[in-house]
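Undergrad: I'll drop the sequence and a predicted model, then ask my questions.
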Amino acid sequence: MTLSTDTVDVALAPRTVMVELGTRRYPIVIENGVLARAADHLAPLARGRTMAIVTDEHLGTHLATLADGLSAAGVATEALVLPAGEATKSWSTLERVCDWLLRLGVERGDHVVALGGGVIGDLVGFACAILKRGCGFVQIPTTLLAQVDSSVGGKTAINTAAGKNLIGAFHQPALVLIDPTVLDTLPPRELRAGYAEVVKYGLIDDANFFAWCEENGASLLAGDPAARLHAITHAVSAKARIVAADEHETGGIRALLNLGHTFGHALEAEAGFDGRLIHGEGVAAGICLAFRYSVARGLCPVADSDRVSAHFHDIGLPDGLAASGITADGVQLVAHMRHDKKMAAGTLPFLLVRGIGATYLDRTVDLVDIQQFLDKEPK
Ligand SMILES: NC(=O)c1ccc[n+]([C@@H]2O[C@H](COP(=O)([O-])OP(=O)(O)OC[C@H]3O[C@@H](n4cnc5c(N)ncnc54)[C@H](O)[C@@H]3O)[C@@H](O)[C@H]2O)c1
Ligand SMILES: O=C(O)C(=O)C[C@@H](O)[C@H](O)[C@H](O)COP(=O)(O)O
Ligand SMILES: [Zn+2]
């Protein structure tokens, strides 16, 4: 017997992670170049019908790659191209997407493709949750943030004047196709913002992964393919595990994914979703605030908090209120927090930390205390 001399670079090999949700279980396929080969996965879902693709205006090249591959495999497509940016997660764009899908005659058994970042994924996922009381959809995430977080787990939503993600539904995709090479065209600011959600997984319950981030974060952001694949696989594996354990955020486990988000969402809402502070930047600032508040409460060693802030700062992400660029006082930010979906009988369960890799849900936080803490933070 002769052995092949071909070597497979294990660090770059394709891999699949399953989200174990019983009859609604689905695969996350992570593979360099899979966008061009998406028909292998999508043709069976198309069932000989036209596939609807919703994307945004910055994704023309990737839309062409996807549509050309599908066309070569005999799958016809129609595309809706939306404006880019957080403001697209709105009532008016939701109406536009639903009307377009209805005009196309999309059926419950069809699968709509969301090709884009978290904005497209959240919006299209929500449209598919309510279209004819629910049709299928596939996530093809094109930002680092969407590849490590938003494309997995079925949280779908739009924003309203009252705040972030306040109208939405849990609606799981049938498939997630992740092609890390599409990140080559992502602007550096967006790549960095997505990296905040990567670091989050280490801070929640995995101190070794945070150490990996400290060691490898810079090369990941510089485009190192092995680091990129490792971070994506690690993050979606963690998210798949958490979602399978607590799909609807009722068991206190999925809420851990909200680390930094109560502060971050308040900052985003204060900015009016105008692009001054994008989601991942708000999350970075919010995580640093959650660590500092935990230090102020005597829960977390100051050295851990300083280490987290230093890492975000070194990467070029905001490490608190001053660096977020949003000028707001404690009263204004706490007013936004009162809309948080975790509010229960007038109190807000908060994600606090006992250290790096030791996040927990604290039900004893007084929002007046948060307000006073924020007022003392450097502006
Ligand atoms: N559902 C969830 O579990 C979840 C998790 C995290 C975040 N989110 C949501 O995700 C949203 C943020 O997502 P995001 O950071 O991906 O932002 P985004 O969708 O706005 O994309 C960021 C920008 O990058 C552009 N872009 C996307 N892919 C590109 C590519 N490959 N090349 C060039 N440009 C590209 C987009 O056009 C946009 O301008 C927020 O609304 C947040 O609330 C949801
Ligand atoms: O999937 C989850 O659960 C998360 O909380 C992931 C977060 O990164 C994400 O920003 C999510 O959209 C926040 O949800 P929300 O319910 O707090 O608005
Ligand atoms: Zn987030």
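TA: Received, thanks. Ligands and ions are numbered 1, 2, ... in the order given.

Undergrad: going forward, measure contacts and count neighbours with C-alpha atoms only.
TA: Fine.

Undergrad: Format the CA atom coordinates belonging to the one helix or strand His265 maps to as CSV.
TA: Using DSSP states H and E, His265 maps to helix 261-270. The C-alpha trace of helix 261-270 is given here as CSV (Å, rounded to 0.1, in the frame of the first residue of the first chain):
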residue,chain,number,x,y,z
HIS,A,261,-24.3,44.3,26.8
THR,A,262,-26.4,46.1,29.3
PHE,A,263,-23.8,48.9,29.4
GLY,A,264,-23.1,48.5,25.7
HIS,A,265,-26.7,48.6,24.5
ALA,A,266,-27.3,51.7,26.7
LEU,A,267,-24.3,53.4,25.0
GLU,A,268,-25.5,52.3,21.5
ALA,A,269,-29.0,53.6,22.2
GLU,A,270,-27.6,56.9,23.5
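
Undergrad: List the residues that contact the closest residue to Ile253 other than its chain neighbours.
TA: Leaving aside its chain neighbours, Ile253 sits nearest to Asp246 (6.1 Å; criterion: C-alpha to C-alpha, 6 or more residues apart in numbering). By C-alpha atoms under 8 Å, 6 or more residues apart in numbering, the contact set of Asp246 is 252-254.

Undergrad: Output these as TSV; include the columns distance to Leu321.
TA: TSV is the format used below for those (distance: C-alpha to C-alpha, whole Å):
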residue	distance to Leu321
Gly252	27
Ile253	27
Arg254	26
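
Undergrad: Between those residues, which sits nearest ligand 2?
TA: Lowest distance from ligand 2 to these (C-alpha to the nearest ligand atom) belongs to Arg254, with 5.4 Å.

Undergrad: For burial, what's the neighbour tally of the closest one?
TA: 19 (other C-alpha atoms under 10 Å).

Undergrad: same check, this time on Thr160
TA: Thr160 has 17 nearby residues by other C-alpha under 10 Å.

Undergrad: what does the helix or strand where Val97 lies contact?
TA: Val97 belongs to helix 91-104 when assigned by DSSP H and E. Contacts with helix 91-104, where a contact means C-alpha under 8 Å, 6+ apart, come from 52, 80, 123-124, 127, 131, 158-160.

Undergrad: Check these one by one and keep those near ligand 1.
TA: The subset of the contacts of helix 91-104 within reach of ligand 1, by C-alpha under 6 Å from any ligand atom, is empty.
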